[in-house]
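**Q** With the input below, show me the fold.
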Amino acid sequence: MAAEHHAVDLARRLSHVRWIAGGTGSGKSTLAQALAERYDVLIYDGDRAERDYVRRCTAEKQPHLWALLKAPLAQKWNGRSAQEVFELMPSLHGETFGFVVDDLLAMPTERPVLVDDFRTLPREVAPLLAWPEQAAFLLPTPQFRDRALRTRFADAARARANWGDSDHNEALALRLARDELWDAEVRRQGAELHLPVVTIDGSRDVLDLADDLAARFRLGRPPLSSRRTQRS
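**A** Residues are numbered from 1 along each chain as shown. So this is what the prediction gives:
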């Protein structure tokens, strides 16, 4: 009962928050930025915030994240199957969501906050929603993700920062396979909890998708200046 009351209180305190989660390479950050440019919203960037999780995690409370942080880059990928890498993801075990909630509770509440976070799972966010479409889970088709990640990691420095000196082509193939497993888990949880899952295949442009999300998120109409910009 206490946990239920706690979730109800959190849902009330986070009623100004909208969540964009789902799979990597689905365009979450692009859509978040498009919404921020058209509506008076703040963005919580999960990738940027993750850097601060390092100093806040402990071996006792976040064992998977702790182990990941202590391991050399190559060890995180080399010699492992996609299933093994997937099962070692800290977010799969709920180890990062508490950080997100704590950060959101410390942010201003006068404006909507848009969470752009790959790590959020439907089962974690569901108890905090005032309505189901307060969250949207974007899942790219395999072809869309393949193009997105190959473009992203064509930068050798960025690939090295993620995978060290391992074979980057092999690491990318493993990453793509792991992300398919993550997508399957998100899709399963979304269906079980009746939360919206949006397939991203490149057939819709960013503004069309942003309009769709704005309606789901109940952000209202964009400011007049934004509408004028769209028409010009």
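**Q** Going by C-alpha atoms from here, please, whenever you check contacts or count neighbours.
**A** OK.
**Q** Give the residue spans of this protein that score low on pLDDT.
**A** Of all residues in the chain, those with pLDDT under 70 make up the ranges 1-5, 74, 222-232.
**Q** quick one, helices of the protein?
**A** Here the chain has its helices, by DSSP state H, at 2-13, 28-38, 46-56, 63-70, 73-77, 82-87, 97-105, 122-125, 142-152, 156-163, 168-193, 206-217, 224-231.
**Q** want to try a markdown table for these, with distance to residue 132 as columns?
**A** Putting these into a markdown table (distance: least, C-alpha to C-alpha, whole Å) gives the following:
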| stretch | distance to residue 132 |
| --- | --- |
| helix 2-13 | 12 |
| helix 28-38 | 18 |
| helix 46-56 | 21 |
| helix 63-70 | 29 |
| helix 73-77 | 35 |
| helix 82-87 | 27 |
| helix 97-105 | 18 |
| helix 122-125 | 10 |
| helix 142-152 | 26 |
| helix 156-163 | 34 |
| helix 168-193 | 9 |
| helix 206-217 | 9 |
| helix 224-231 | 27 |
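**Q** Which stretch among those helices approaches residue 134 most closely?
**A** The closest approach between residue 134 and any of the helices of the chain, judged by C-alpha to C-alpha, belongs to helix 206-217 at 5.3 Å.
**Q** ok, and for the closest one, which residues are buried?
**A** Neighbour counts using 16 or more other C-alpha atoms under 10 Å place 209, 210, 211, 213, 214, 216, 217 of helix 206-217 among the buried residues.
**Q** Show me what that helix is packed against.
**A** Contacts defined by 3 or more C-alpha pairs under 8 Å, 6 or more residues apart in numbering; DSSP states H and E place helix 206-217 against helix 28-38.
**Q** relative orientation of the helix it packs on and helix 206-217 in degrees?
**A** Following axes from the mean of the first three to the mean of the last three C-alpha atoms, to 10 degrees, one obtains 80 degrees for the angle between helix 28-38 and helix 206-217.
**Q** Now do the buried residues in helix 28-38.
**A** Taking 16+ other C-alpha under 10 Å as the basis for neighbour counts, the residues of helix 28-38 that come out buried are 28, 29, 31, 32, 33, 34, 35, 36, 38.
**Q** can you check stretch 56-64 too?
**A** Along stretch 56-64, the positions that meet the burial threshold by neighbour count (16+ other C-alpha under 10 Å) are 57, 62, 63, 64.
**Q** roughly how far is stretch 96-110 from the heart of the chain?
**A** Averaging C-alpha positions (C-alpha atoms, centre = their mean, to the nearest Å) puts stretch 96-110 14 Å from its chain's average.
**Q** Show residues contacting that stretch.
**A** 13, 14, 16, 44, 46, 53, 62, 90, 91, 119, 120, 124 (C-alpha atoms under 8 Å, 6 or more residues apart in numbering).
**Q** Quick check: phi and psi on the third one?
**A** In terms of degrees, to the nearest 10, the main-chain angles of residue 16 are phi -90, psi 0.
**Q** quick one: terminal-to-terminal distance for stretch 99-112?
**A** Using C-alpha to C-alpha, to the nearest Å, one end of stretch 99-112 lies 19 Å from the other.
**Q** before we move on, the earlier item: reformat the buried residues of helix 28-38 into JSON lines and put distance to residue 110 next to each item.
**A** Compiled in JSON lines, the buried residues of helix 28-38 are given as follows (distance: C-alpha to C-alpha, whole Å):
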{"residue": "28", "distance to residue 110": "23"}
{"residue": "29", "distance to residue 110": "22"}
{"residue": "31", "distance to residue 110": "22"}
{"residue": "32", "distance to residue 110": "18"}
{"residue": "33", "distance to residue 110": "19"}
{"residue": "34", "distance to residue 110": "20"}
{"residue": "35", "distance to residue 110": "17"}
{"residue": "36", "distance to residue 110": "15"}
{"residue": "38", "distance to residue 110": "17"}
